[in-house]
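Peer 1: Coordinates for the following, if possible.
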Amino acid sequence: MEHRDDGTRPLGGLDGLQTAPLSRRGFVMTSLMTGLTLATPSVSAQAIQTDGAGLVAGEVHIPARDGPMPGYRAMPEGAGPFPVILVIEEIFGVHDYIKDVCRRLAKAGYCAVAPELYAREGDLSSMTDVKTILRDVIAKTPDAQWIADLDAAATWAVAASNGDGARLATMGWCRGGRGVWLYAAHRRDLKAGIAWYGPLGGERTDIQPRTAGDVAGEINAPILALYGGADTGIPVASVEAARDRARAAGKSVDLVVYPDAPHGFHADYRPSYRAAAAEDGWARALAFLKAKAM
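Peer 2: Coordinates of the predicted model:
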């Protein structure tokens, strides 16, 4: 990864990653999906709807190395500059839940940007099967590629969206939670990362060579880790081990485990949603950002 130090450009670089190979197909998705993902068996009635009053919110196109990348941006009305939150999606794409999260962050005073990190690999708006998404999209997206895309989104937020380049953080869910750990190990100017139930382990491949647990001792920003004790896919012990590895290296990880919460407990559109854990986690997340000068 390229090393630059001009205040708004990418800083650092995660060891073990190669320059991202660009898709020969270009962008498969040139705009965001409308509505919620089709890859969930049912949509719960309690899905939160955050209005856009007082906000500038909507779909955007972010300059990337190989063309305009679709994304969603929400920020307060006004001159700013606003602290920037890079929002990292689940495996399902930037659908209405992720867009709503951006608006929630904007209501709290942030410029929230969610780039569609899987736009080159497949059309997530039409995909209904989780296994297919994991095999044909997630497994084929190089870590170096989406990290470069987040860097591009950060640069764009500062240049075109009243973003404050000195106040940059990231927040992600599920696969995006994994992304928080890796991005925190990549970017030296990151102020904070908030990982909602991101997996710490997983298969290592040529294009995804390191797990979140592998880089725990290399993070450049404090992380708030919000996990479910009833998550059958992410053992609490793996998160505790990552926290301990980070602390042994002099890094800061605050781990909160909700004993009865399953995976996806913040996803208010799914049956996995647990209101008490989600609301407590959200309050902790906003307090954590404020405490880190965000």
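
Peer 1: the helices in the stretch 1-150 of the chain, which residues?
Peer 2: In the stretch 1-150 of the chain, the helices defined using DSSP state H, counting those that start in this stretch lie at 96-107, 130-136, 143-160.

Peer 1: Which one of those lies nearest to residue 192?
Peer 2: helix 96-107 (12.6 Å; Cβ to Cβ). Quick note: C-beta positions are derived from backbone N, CA and C, even for glycine.

Peer 1: any idea how far residue 264 is from residue 197?
Peer 2: 7 Å (Cβ to Cβ, to the nearest Å).

Peer 1: Touching both of those two, which residues are there?
Peer 2: Here residue 197 and residue 264 have 173, 174 as joint contacts, going by Cβ atoms under 8 Å, 6 or more residues apart in numbering.

Peer 1: Ok, which of the helices of the stretch 1-150 of the chain comes nearest residue 27?
Peer 2: It's helix 143-160; of the helices of the stretch 1-150 of the chain, that one is closest to residue 27 (Cβ to Cβ) at 11.0 Å.

Peer 1: higher neighbour count, residue 197 and residue 264?
Peer 2: Per other Cβ atoms under 10 Å, whichever of residue 197 and residue 264 has more neighbours is residue 197, with 30 against 23.

Peer 1: Looking at that one now. What's its pLDDT?
Peer 2: The model reports residue 197 with a pLDDT of 98.

Peer 1: again with residue 14
Peer 2: pLDDT, residue 14: 73.

Peer 1: Burial check on the residue nearest to it when sequence neighbours are not counted, number of neighbours?
Peer 2: In space, residue 14 comes closest to residue 186 once its chain neighbours are excluded; the distance is 4.2 Å by Cβ to Cβ, 6 or more residues apart in numbering. Applying other Cβ under 10 Å, we find 27 residues neighbouring residue 186.

Peer 1: Do you know the pLDDT at residue 186?
Peer 2: At residue 186, pLDDT is 97.

Peer 1: you'd agree it is up against residue 146?
Peer 2: No. Using Cβ atoms under 8 Å, residue 186 makes no contact with residue 146, being 10.6 Å away.

Peer 1: how close does the residue nearest in space to the middle of the chain get to residue 38?
Peer 2: In the chain, the centroid-proximal residue (Cα atoms, centre = their mean) is residue 88; its distance is 1.8 Å. To residue 38, residue 88 is 21 Å away according to Cβ to Cβ.

Peer 1: How about the contacts made by residue 218?
Peer 2: For residue 218, the contacting residues are 14, 15, 185, 249, 251, by Cβ under 8 Å, 6+ apart.

Peer 1: What segments of the stretch 151-294 of the chain are helices?
Peer 2: With helices called from DSSP H, counting those that start in this stretch, the stretch 151-294 of the chain shows them at 175-186, 236-248, 275-291.

Peer 1: just for this structure, where's the confidence low?
Peer 2: 1-13, 16-25, 42-45 (pLDDT under 70).

Peer 1: Which parts of it are strands?
Peer 2: For the chain, the strands defined by DSSP state E occupy 55-64, 67-76, 82-88, 111-115, 163-173, 192-196, 223-228, 253-258.

Peer 1: Contacts made by the first one with the rest, please.
Peer 2: Residues lying outside strand 55-64 but in contact with it, judged by Cβ under 8 Å, 6+ apart, are 31-32, 68-77, 99, 102-103, 106-107, 113, 115, 148-149, 152-153, 156, 161.

Peer 1: Return the list of strands paired to that strand, each annotated with direction.
Peer 2: strand 67-76 (antiparallel) (DSSP bridges).

Peer 1: In the strand it pairs with, which residues are buried?
Peer 2: 69, 70, 71, 72, 73, 74, 75, 76 (16 or more other Cβ atoms under 10 Å).

Peer 1: can you list the residues you listed in JSON lines and add distance to residue 174?
Peer 2: Formatted as JSON lines, the buried residues of strand 67-76 follow (distance: Cβ to Cβ, whole Å):
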{"residue": "69", "distance to residue 174": "21"}
{"residue": "70", "distance to residue 174": "20"}
{"residue": "71", "distance to residue 174": "18"}
{"residue": "72", "distance to residue 174": "17"}
{"residue": "73", "distance to residue 174": "21"}
{"residue": "74", "distance to residue 174": "20"}
{"residue": "75", "distance to residue 174": "24"}
{"residue": "76", "distance to residue 174": "27"}
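
Peer 1: Return the member of the residues you listed nearest to residue 219.
Peer 2: Nearest to residue 219 among these: residue 71, at 24.4 Å, using Cβ to Cβ.
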